[in-house]
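Student: After the sequence you'll find the predicted model.
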Amino acid sequence: MPVTIVMRSKVALLVALSTAISVLVAGCTFNPQNPAGQGGHDAVLQAVIQDDLQAYNNASWVRSLNQSIQWINDTSAMVTYRMGGSNLSLSYTAQYTKFGSVTEATAYVNSINQGYNETNIVQLLNYPALTTASSMNTHQAYLSVTKNAPTTISWIKTQGDQPTSPASYIIQVNDVVTTFNATLSRTS
């Protein structure tokens, strides 16, 4: 086989490979159905996180609040909340995931919510950790991004019947799912 044919084959392979890589990279960085907010992160996901932080800022029992965000990728983040109030403290890390659609988010929730009870606002009043999270906020950031109010559904699995019992939570805000485990502690 002549050297020129081998070189042409290698050049053609390199061109095809670089084109494929370019297409893959472009597909990862731009998706018109997944608008990016600051830093390339999904704007809706950022809004849900911002709304949760605002809900804690507005909670009557929260006196101090720290939050740290670790972005996993453009549509997934882990957020650690640490807060304290009059005789109460709460610290947990929530996993936020933005799905491609409400249907996909619902399918995911249905695959992980065995043993959980769907809750409503009245049932949550004894659980400040969840009461002041996504299920009870005004969703102002979400509204400003999407122009629509979200549908929020919450699930809880408690390890006891007291507000301070450890519990696991799933919160679905349309196509965003948040999961976390938390224990509300009473301090003296």
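Tutor: Received, thanks.

Student: what residues does the host helix or strand of Asn110 touch?
Tutor: Using DSSP states H and E, Asn110 sits in helix 102-112. With contacts defined as Cβ atoms under 8 Å, 6 or more residues apart in numbering, helix 102-112 is touched by 97, 99, 151, 153, 155, 170, 172, 174-177, 179. Placement of C-beta: from N, CA and C, glycine included.

Student: Now do the buried residues in it.
Tutor: 105-106, 108-109 (16 or more other Cβ atoms under 10 Å).

Student: what's the following helix or strand after that helix?
Tutor: Following helix 102-112 in sequence, per DSSP H and E, is strand 117-119.

Student: Packing partners of that next one?
Tutor: strand 152-158 (3 or more Cβ pairs under 8 Å, 6 or more residues apart in numbering; DSSP states H and E).

Student: With just CA atoms, put the strand it packs on into PDB.
Tutor: This file holds the C-alpha atoms of strand 152-158, laid out as PDB (Å, rounded to 0.1, in the frame of the first residue of the first chain):
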ATOM      1  CA  THR A 152     -44.600  21.200  43.800                       C
ATOM      2  CA  ILE A 153     -45.000  17.700  45.300                       C
ATOM      3  CA  SER A 154     -43.200  16.500  48.400                       C
ATOM      4  CA  TRP A 155     -42.600  13.100  49.900                       C
ATOM      5  CA  ILE A 156     -41.300  12.300  53.400                       C
ATOM      6  CA  LYS A 157     -40.100   9.100  55.100                       C
ATOM      7  CA  THR A 158     -39.600   9.600  58.800                       C
END
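
Student: what's it packed up against?
Tutor: So strand 152-158, by 3+ Cβ pairs under 8 Å, 6+ apart, packs with strand 117-119, strand 167-173.

Student: all strands of the protein, in order?
Tutor: 62-73, 76-85, 88-98, 117-119, 152-158, 167-173, 176-182, 185-186 (DSSP state E).

Student: quick one: Trp71 and His41 touch, right?
Tutor: Yes. Look at Trp71 against His41 with Cβ atoms under 8 Å: they come within range, at 5.9 Å.

Student: Which parts of the protein belong to which domain?
Tutor: Under the assignment automatic domain parsing, the domains of the chain span 1-30, 38-186.

Student: Would you mind giving the ones you listed as CSV with mean pLDDT added?
Tutor: Listed next are the domains of the chain as CSV, based on pLDDT from 0 to 100:
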stretch, mean pLDDT
domain 1-30, 36
domain 38-186, 84
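
Student: Many thanks, we can stop here.
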